[in-house]
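Chemist: Could you work out the structure for the sequence below:
(2 chains)
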2 protein chains.
Amino acid sequence: MSSEKPSAIEAAVLRANASFYRAFTRGDFPAMSALWALKAPVTCFHPGSALLRGREEVLSAWRQIMTGPAPFEMRCDQPLVQLLGEGALVTCYEGNDREPAHLAATNAFVWEDGAWRMVHHQAGPLARAVPLPPPTAANMN
Amino acid sequence: MSSEKPSAIEAAVLRANASFYRAFTRGDFPAMSALWALKAPVTCFHPGSALLRGREEVLSAWRQIMTGPAPFEMRCDQPLVQLLGEGALVTCYEGNDREPAHLAATNAFVWEDGAWRMVHHQAGPLARAVPLPPPTAANMN
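Modeler: Residues are numbered from 1 along each chain as shown, chains lettered A, B, ... in the order given. Next up, the predicted model:
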């Protein structure tokens, strides 16, 4: 996605992906809850952590994370979409504020009742931080 | 997948997932190459590493990994399938030989020309190793 213009479907997936990082950055738990799928099974690997499985486990962890310390910006750098039929993957780098990205992430979405909803998130540490890319339409929230 | 009997589709995805770990463990690069999608875009996050993108980048990294030191067993513990239309996700833990799993992984597959082929792999470190599960039909290669 970094060089080509995204298709309308890819752009919709990128908007869903951006809304994940926006909800995180704003500490907006209702927006985070609305993003995760209601029907499709959901899973989440937070960095270093074992698998969370099902809406209740996944969202109660997000609630804990988001009602903890004051919210901080979680950026999504270089998002790349892969469409898989009714599903889609976004791979990206994650960083806070203006620091180089320190996490690699996989975000999976499913087309559910007229919206791209999240079904999986994995973030894990990068051995070497990835410098901030120049701003583009694709990675602005 | 740990407690319920997988559907025929889920079982086929688990077989594709098992063939990934079998190819790795055997150092069988042709099998690894055959598993990755030929048409769908592919990506890979090795632990700590930046994104590899496209068959050439992804497979040349696998060739390097698999022609390095003598092959060692890479297990896949507790594989869980999420179907996404023509795509599927498998989340699991990875460990070597009989040691507790030390990596969390997301493997994505797409139904392509009559086979489940890999389109994405991410593995990253677990803060706490996950003990070996008892052997079941679902996680035996």
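Chemist: is it fair to say A:Phe24 lies in a helix?
Modeler: Yes: when DSSP: H, G, I helix; E, B strand; the rest coil is applied, A:Phe24 is found to be in a helix.
Chemist: residue boundaries of the strands in chain A?
Modeler: Taking DSSP state E, the strands of chain A run over residues A:43-45, A:52-53, A:74-84, A:87-96, A:101-112, A:115-130.
Chemist: Please list the residues of chain A that sit near chain B.
Modeler: When proximity is defined as CB under 8 Å from any CB of the partner chain, chain A approaches chain B at A:40-41, A:43, A:45, A:47-51, A:53, A:78, A:80, A:82, A:84-89, A:91, A:93, A:104, A:106, A:108, A:110-111, A:119-120, A:122-128, A:130. For every residue, glycine as well, the C-beta is placed using N, CA and C.
Chemist: wait, doesn't A:Ala40 sit right on A:Glu112?
Modeler: Yes: with contact defined as CB atoms under 8 Å, A:Ala40 reaches A:Glu112; the gap is 5.9 Å.
Chemist: More neighbours: these two, which one.
Modeler: Set side by side, A:Ala40 and A:Glu112 give different neighbour counts by other CB atoms under 10 Å in any protein chain shown, the larger being at A:Ala40 (21 against 16).
Chemist: quick one, what contacts the more buried one?
Modeler: Each residue near A:Ala40 by CB atoms under 8 Å, 6 or more residues apart in numbering or on different chains is listed here: A:110, A:112, A:117, A:119, B:82, B:84.
Chemist: Show me the shaky parts of chain A.
Modeler: Applying pLDDT under 70 to chain A picks out residues A:1-4, A:135-141.
Chemist: What is the burial count for the residue nearest to A:Thr25 when sequence neighbours are not counted?
Modeler: Nearest residue to A:Thr25 in three dimensions, chain neighbours excluded: A:Glu73, at 4.7 Å (CB to CB, 6 or more residues apart in numbering or on different chains). The local packing of A:Glu73 (other CB under 10 Å) involves 15 other residues.
Chemist: and if you look at A:Ala8?
Modeler: With neighbours defined by other CB under 10 Å, the count for A:Ala8 comes to 6.
Chemist: A:Leu126 now?
Modeler: Here the count is done by other CB under 10 Å, and A:Leu126 has 22 residues near it.
Chemist: Settle this for me: it is touching A:Leu103, isn't it.
Modeler: Yes: in this structure, A:Leu126 sits in contact with A:Leu103. The criterion is CB under 8 Å, and the distance is 6.4 Å.
Chemist: Give the residues shared as contacts by the two.
Modeler: Going by CB under 8 Å, 6+ apart, residues that sit against A:Leu126 and also against A:Leu103 are A:Tyr93.
Chemist: How about stretch A:65-79, which residues are buried there?
Modeler: Counting neighbours by 16 or more other CB atoms under 10 Å in any protein chain shown, one finds that the buried residues in stretch A:65-79 are A:66, A:74-79.
Chemist: and what of stretch A:16-31?
Modeler: For stretch A:16-31, a neighbour-count test (16+ other CB under 10 Å) marks A:16-25, A:27-29 as buried.
Chemist: So for stretch A:22-34, first residue to last residue, what's the gap.
Modeler: 13 Å (CA to CA, to the nearest Å).
Chemist: meant to ask about stretch A:90-105, not that
Modeler: Taking CA to CA, the span from the opening residue of stretch A:90-105 to its closing residue is 8 Å.
Chemist: sorry, back to before: export the contacts of A:Ala40 as JSON lines, with columns for distance to A:Trp62.
Modeler: Formatted as JSON lines, the entries for the contacts of A:Ala40 read as follows, by distance: CB to CB, whole Å:
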{"residue": "A:Val110", "distance to A:Trp62": "18"}
{"residue": "A:Glu112", "distance to A:Trp62": "18"}
{"residue": "A:Arg117", "distance to A:Trp62": "14"}
{"residue": "A:Val119", "distance to A:Trp62": "14"}
{"residue": "B:Gln82", "distance to A:Trp62": "18"}
{"residue": "B:Leu84", "distance to A:Trp62": "21"}
